[in-house]
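Asker: Sharing a sequence plus its predicted fold:
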Amino acid sequence: MLNEEIKVKEIRLVGEDEPRIMSTKDALNMAIERNLDLVMISPAANPPVCKIMDYNKFLYEQTRKQKENKKNQKVVDIKEVRLSATIEEHDIEVKANNAKKFLANENKVKVSIRFRGRQNNYTNVGNKIFDLFLSKIGDLGIVEKPARLEGNNMIMVLGPKK
């Protein structure tokens, strides 16, 4: 709340000097003299805490900080590598090399195996394929989510090593 929206009789004014308790009218007059706004910072306090500041400048600086933080933020993509239950070792090497590139670019890698038909009875083969895949990756990635079966798919998530 700011300026005339503040309906309490007494406030605690913080600012340049030490905090002091004064009437809302006096604090509002001080703010008007300085061409600034009286802003309520903590309405739950007893008495409520207010500050004299340029509110528009404060809002502008807040949005600028948020834009700056958003600009410095690193977006992590999730790349997917699909394997099958009947994949050969050379094909695993090719897929592992692709996963290494993704991990080198600091992306997460989702490794999935789809089981079809009778393959659903042999999901232990999927664990062996994942173990072989992890041995090809080496120290470039760490397992963030271990392999688990979700319907017909077995899924594992790898993250880049920091």
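Answerer: Cool, got the structure.
Asker: which SS class is Lys70?
Answerer: helix (DSSP: H, G, I helix; E, B strand; the rest coil).
Asker: would you list every one of the helices in the chain?
Answerer: Assigned helices in the chain, in chain order: 24-33, 55-72, 89-104, 124-137 (criterion: DSSP state H).
Asker: can I get the ones you listed in a markdown table with mean neighbour count and mean pLDDT?
Answerer: Glycine gets a C-beta too; all of them are placed from N, C-alpha and C. Shown next, in a markdown table, are these (neighbours: other C-beta atoms under 10 Å; pLDDT from 0 to 100):
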| stretch | mean neighbour count | mean pLDDT |
| --- | --- | --- |
| helix 24-33 | 15 | 89 |
| helix 55-72 | 10 | 92 |
| helix 89-104 | 15 | 94 |
| helix 124-137 | 16 | 92 |
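Asker: Identify whichever of those lies nearest to Met40.
Answerer: Across the helices of the chain, Met40 has its closest neighbour in helix 24-33 (9.7 Å, C-beta to C-beta).
Asker: any idea how far that closest one is from the chain center?
Answerer: Mean C-alpha position of helix 24-33 versus that of the full chain (C-alpha atoms, centre = their mean, to the nearest Å) differs by 41 Å.
Asker: what's next to that helix, contact-wise?
Answerer: 3-4, 6-11, 13, 37-38, 50, 52 (C-beta atoms under 8 Å, 6 or more residues apart in numbering).
Asker: hmm, 10 Å instead?
Answerer: Contacting residues not belonging to helix 24-33 are listed as 2-4, 6-13, 15, 20-23, 36-40, 47-48, 50-55 [C-beta atoms under 10 Å, 6 or more residues apart in numbering].
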